[in-house]
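Visitor: Attaching a predicted model along with its sequence, questions to come.
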Amino acid sequence: MKIAVDAMGGDFAPHNIVAGVVEALREQNRITRLFLVGDTPRIEAELAKLGPRDPRLEIVHATEIIAMDDPPVQAVRRKKDSSMCRAIDIVKRGDADAILSAGNTGALLTAAHLKLRTLEGVDRPGLACLIPSPDNVFVLMDAGANLEPHPINLVQYAVMGSLYSRQIVGYKKPRVAVFSLGTEEMKGNELTLEAHRLLKLSDLNFVGNIDGHDLFANVADVIVADAFVGNAVLKACESTARLIGRYLKEELKKNPIRILGAFLARGAFNAIKRKADPDEYGGAILLGVNGICIKAHGASSPKAVKNALRIAVECVEGQFNEHIVEEIKKLHDKLQQTKSA
């Protein structure tokens, strides 16, 4: 399989991106060709620090970079020779199976939607991310792609999110829930109420509504929401994790006894850190476009880039998009039968 990587996207590009790519190639023999797209001299300089070059690497020069604060639509239209756009073009031509970028999220979603188009039967693509909780890892979708969805979009997100949960996380029958104001069926707005009704008609393992209280209570494995709510939930989770970490550090350093206790409990702290480490999950994936599109965090470490490439490999190898088309068709047939009846 072949993967295109935006080497210039992200807060620590190209250093972390190139280092992550090199780590991934050392572990992944399933990648037959990897295109590093960006400023050739800067990429060459990073590769020179990392030992002998893997023969599967190919540098594709791009003269422009889409900055993190560039307006997404304008950037995609005006910076046609940007590393991000050139990497997506490689997928569009069929020369690569997947694209990975840690760059401007809005620009990546816009470019992928415009250039790759949606899969057959998919109305609007959505961004799916993995969030760890004490007893399970759940898929949150949409985490930032579609601010004004229709109810059927949420239902399609549930289908794609369930497939992602089965194929990547390994849950045989993922539980699906709609994020709402409360768990009662009658609570919510027009969007969530109609999505709830349609999901009850589907063949998914739909468990109803979920609210913020039960987010980490192992109630659902796939949680669907519009992009505004989903992104707010994601950012709130990230900031809460940072806040708790800061509180712990401050309190544990206040006196020698606490410092000793922290030392003795370092194994437990390291285990918690590993469970909550976003780098373990690589990045989010834009589901519903023609091609595998991975969005890594802007501050991705080499480890995060390596794991994001692992997810890309698993999706390509598992023919993920082909399965999406099949599952969406089954959904449409099911809803049409119900409507006819």
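Guide: It's in. Numbers count the residues shown, from 1 in each chain.
Visitor: The lowest-mean-pLDDT helix or strand in the chain: how far from the chain's middle?
Guide: Across the helices and strands of the chain, mean confidence by mean pLDDT, DSSP states H and E is lowest for helix 266-276: a mean of 82. Relative to its chain's centre, helix 266-276 lies at 23 Å (Cα atoms, centre = their mean, to the nearest Å).
Visitor: now swap in stretch 78-87 and tell me
Guide: Here stretch 78-87 is found 21 Å from its chain centre; the criterion is Cα atoms, centre = their mean.
Visitor: now swap in stretch 81-90 and tell me
Guide: The answer for stretch 81-90 is 19 Å, by Cα atoms, centre = their mean.
Visitor: Residues contacting it, please?
Guide: 4-9, 35, 37-39, 60, 62-66, 75-76, 79, 96, 99-101, 103-104, 107-108, 111-112, 115-116, 291, 293 (Cβ atoms under 8 Å, 6 or more residues apart in numbering). The way it works is simple: take the backbone N, C-alpha and C, and place the C-beta from them, glycine included.
Visitor: in it, what's buried?
Guide: For stretch 81-90, the neighbour count (16 or more other Cβ atoms under 10 Å) marks 82-90 as buried.
Visitor: Could you export those to CSV, including columns for secondary structure, pLDDT and distance to residue 49?
Guide: Shown next, in CSV, are these (DSSP: H, G, I helix; E, B strand; the rest coil; pLDDT from 0 to 100; distance: Cβ to Cβ, whole Å):
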residue, secondary structure, pLDDT, distance to residue 49
82, strand, 96, 25
83, helix, 97, 20
84, helix, 96, 24
85, helix, 96, 27
86, helix, 97, 24
87, helix, 97, 22
88, helix, 97, 28
89, helix, 97, 28
90, helix, 97, 25
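Visitor: In strands only, show me the contacts of stretch 81-90.
Guide: Among these, the ones falling in strands (DSSP state E) are 4-6, 35, 37-38, 60, 99-101, 293.
Visitor: For PyMOL, write a command that selects the buried ones of those.
Guide: Buried residues within those, by 16+ other Cβ under 10 Å, are selected in PyMOL with:
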select buried, resi 4+5+6+35+37+38+60+99+100+101+293
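Visitor: Walking through the stretch 51-200 of the chain, point out its helices one by one.
Guide: Ranges of helices in the stretch 51-200 of the chain, per DSSP state H, counting those that start in this stretch, are 72-78, 83-92, 105-116, 151-164, 190-201.
Visitor: chain center to the last one, what's the gap?
Guide: Which is helix 190-201. Put simply, helix 190-201 sits 24 Å off its chain's centre (Cα atoms, centre = their mean).
Visitor: Give me the mean pLDDT for it.
Guide: Regarding helix 190-201, the rounded mean pLDDT is 94.
Visitor: Use 344 as the first number for this chain going forward.
Guide: I'll keep to 344 as the first residue from here, and by that count the last item is helix 533-544.
Visitor: what element comes up after it heading to the C-terminus?
Guide: Heading C-terminal from helix 533-544, the first helix or strand you meet, by DSSP states H and E, is strand 548-553.
Visitor: Adjacent strands (with direction) for the next helix or strand after that following strand?
Guide: Next along the chain after strand 548-553, taking DSSP H and E as the criterion, comes strand 565-567. Strand 565-567 has the following sheet partners, assigned by DSSP bridges: strand 480-484 (parallel), strand 518-522 (parallel).
Visitor: Next, format the ones you listed as CSV and append distance to residue 599, mean pLDDT and mean neighbour count.
Guide: Shown next, in CSV, are the strands paired with strand 565-567 (distance: least, Cβ to Cβ, whole Å; pLDDT from 0 to 100; neighbours: other Cβ atoms under 10 Å):
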stretch, distance to residue 599, mean pLDDT, mean neighbour count
strand 480-484, 38, 95, 26
strand 518-522, 45, 97, 24
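Visitor: got JSON lines for those, with distance to residue 591 too?
Guide: Shown next, in JSON lines, are the strands paired with strand 565-567 (distance: least, Cβ to Cβ, whole Å):
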{"stretch": "strand 480-484", "distance to residue 591": "23"}
{"stretch": "strand 518-522", "distance to residue 591": "28"}
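Visitor: Any idea which of the ones you listed gets closest to residue 540?
Guide: Proximity to residue 540 (Cβ to Cβ) singles out strand 518-522 among these, at 10.2 Å.
Visitor: Show residues contacting that closest one.
Guide: For strand 518-522, using Cβ under 8 Å, 6+ apart, the contacting residues are 497, 501, 504-505, 531, 535, 538-539, 542, 547-554, 562-568, 572-573, 576.
Visitor: go on, stretch 672-682?
Guide: By Cβ under 8 Å, 6+ apart, the surrounding residues in contact with stretch 672-682 are 463-464, 498-499, 502, 541, 544-546.
Visitor: Format the residues you listed as JSON lines; extra columns: distance to residue 393 and neighbour count.
Guide: Listed next are the contacts of stretch 672-682 as JSON lines, based on distance: Cβ to Cβ, whole Å; neighbours: other Cβ atoms under 10 Å:
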{"residue": "463", "distance to residue 393": "41", "neighbour count": "12"}
{"residue": "464", "distance to residue 393": "43", "neighbour count": "17"}
{"residue": "498", "distance to residue 393": "45", "neighbour count": "29"}
{"residue": "499", "distance to residue 393": "41", "neighbour count": "29"}
{"residue": "502", "distance to residue 393": "41", "neighbour count": "26"}
{"residue": "541", "distance to residue 393": "50", "neighbour count": "19"}
{"residue": "544", "distance to residue 393": "53", "neighbour count": "15"}
{"residue": "545", "distance to residue 393": "48", "neighbour count": "18"}
{"residue": "546", "distance to residue 393": "48", "neighbour count": "11"}
